[in-house]
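Colleague: Got a predicted model here, sequence first, then my questions.
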Amino acid sequence: MEGVKPSKPFEWILSVLGREYAVSCWCLQKLRSLDDAMQQWQKSMSMNHSSEEEPTGDLKKLIMADENEDVVAEEQPKVTEEAGGVMDLNSALQGVLKRALVNQGVARGLRECVKALDRRQVHLCILSKDCDSAEYVRLVEALVAEHSIPIIQVADGKQLGEWVGLCKLDREGNAKKVVKCSCAVIKDWGEQSEAKNFITDYLAKQS
């Protein structure tokens with residue numbers, strides 16, 4: 001019938017539906033804003049990632065070939081001073097590398113070594129003589145010469161790998177499954193030691 005007002009229950013239902021509709025629209029608007037923000041963030045992240053410089057050419061090949069050296073040791077060797085006897089160059093290198101490892105002051109492999117050398121963050125570079133890549137050797141030697149960083153060569157890359165922790169240790173502390181390392185650099189000597197004094201004296205005599 002015309003002119004008849006809706007009953008109160010009907011008005012109440014309409015008011016509730018109206019509020020629910022308003023809340024739903026508000027939630028939908030917030031979700032859309034959040035989705036837009038997430039898309040902008042993902043876009044900015046992808047742009048930042050793509051803007052990073054990637055190595056090219058021979059350097060990229062060398063880095064790919066050197067990836068097998070970026071292995072983290074499952075167990076770090078314990079640091080102990082040489083007890084008695086005459087310290088030689090190899091034992092001194094082993095000593096300073098162990099102490100540097102404790103202080104996270106060692107970089108291993110071409111990628112990390114080149115980065116540290118280029119930033120002049122290196123106290124000492126150790127290069128293996130049995131490295132089978134002439135490009136690798138030339139690149140490291142060029143960076144060392146450019147920044148006047150001392151360098152010492154060792155005979156065996158596997159021995160260097162053991163010294164820098166690229167191995168597993170058995171229960172007796174003997175190295176097993178050693179990974180060859182062509183280059184390592186010391187960025188932090190760690191604590192003062194007789195081994196460091198030996199290396200410092202050795203480098204002074206070589207200069």
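Modeller: It's in.
Colleague: ok, now which ones touch Leu89?
Modeller: By CB atoms under 8 Å, 6 or more residues apart in numbering, the contact list for Leu89 reads Ile152, Phe198, Tyr202. (Each C-beta comes from the backbone N, C-alpha and C, glycine too.)
Colleague: what stretches of the chain score poorly on pLDDT?
Modeller: 1-85 (pLDDT under 70).
Colleague: in it, which spans are strands?
Modeller: Secondary structure of the chain by DSSP state E: the strands cover 106-108, 124-128, 151-154, 168-169, 175-176, 183-186.
Colleague: Highest mean neighbour count out of those strands?
Modeller: Greatest average neighbour count among the strands of the chain goes to strand 183-186 (a mean of 28), per mean count of other CB atoms under 10 Å.
Colleague: what pairs with that one, and is each one parallel or antiparallel?
Modeller: When sheet partners are counted by DSSP bridges, strand 183-186 sits next to strand 106-108 (antiparallel), strand 124-128 (antiparallel).
Colleague: Contacts only, for Lys177.
Modeller: Contacts of Lys177 (CB under 8 Å, 6+ apart): Cys167, Lys168.
Colleague: How about the one 4 residues further on?
Modeller: Contact criterion CB under 8 Å, 6+ apart gives Glu69, Arg108, Gly109, Ser128, Gly157, Lys158, Leu160, Gly161, Val164, Leu166 as the residues in contact with Cys181.
Colleague: Now for the residues you listed: which two are most distant?
Modeller: Using CB to CB, the two most remote members of the contacts of Cys181 are Gly109 and Lys158, lying 14.5 Å apart.
Colleague: quick revisit: can you lay out the contacts of Leu89 as TSV showing distance to Ser133?
Modeller: Shown next, in TSV, are the contacts of Leu89 (distance: CB to CB, whole Å):
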residue	distance to Ser133
Ile152	19
Phe198	30
Tyr202	27
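Colleague: Looking at those, spot the one nearest Arg120.
Modeller: Among the contacts of Leu89, Ile152 lies closest to Arg120 (CB to CB), at 17.9 Å.
Colleague: looking at it, that closest one is touching Lys129, isn't it?
Modeller: No: shown here, Ile152 and Lys129 do not form a contact pair, counting by CB atoms under 8 Å, at 10.6 Å.
Colleague: how about the helices in the protein?
Modeller: 8-51, 57-66, 89-102, 110-118, 134-146, 157-163, 194-206 (DSSP state H).
Colleague: now for the fifth one, which elements pack on it?
Modeller: Which is helix 134-146. Here helix 134-146 touches helix 57-66, helix 110-118, strand 124-128, strand 151-154, going by 3 or more CB pairs under 8 Å, 6 or more residues apart in numbering; DSSP states H and E.
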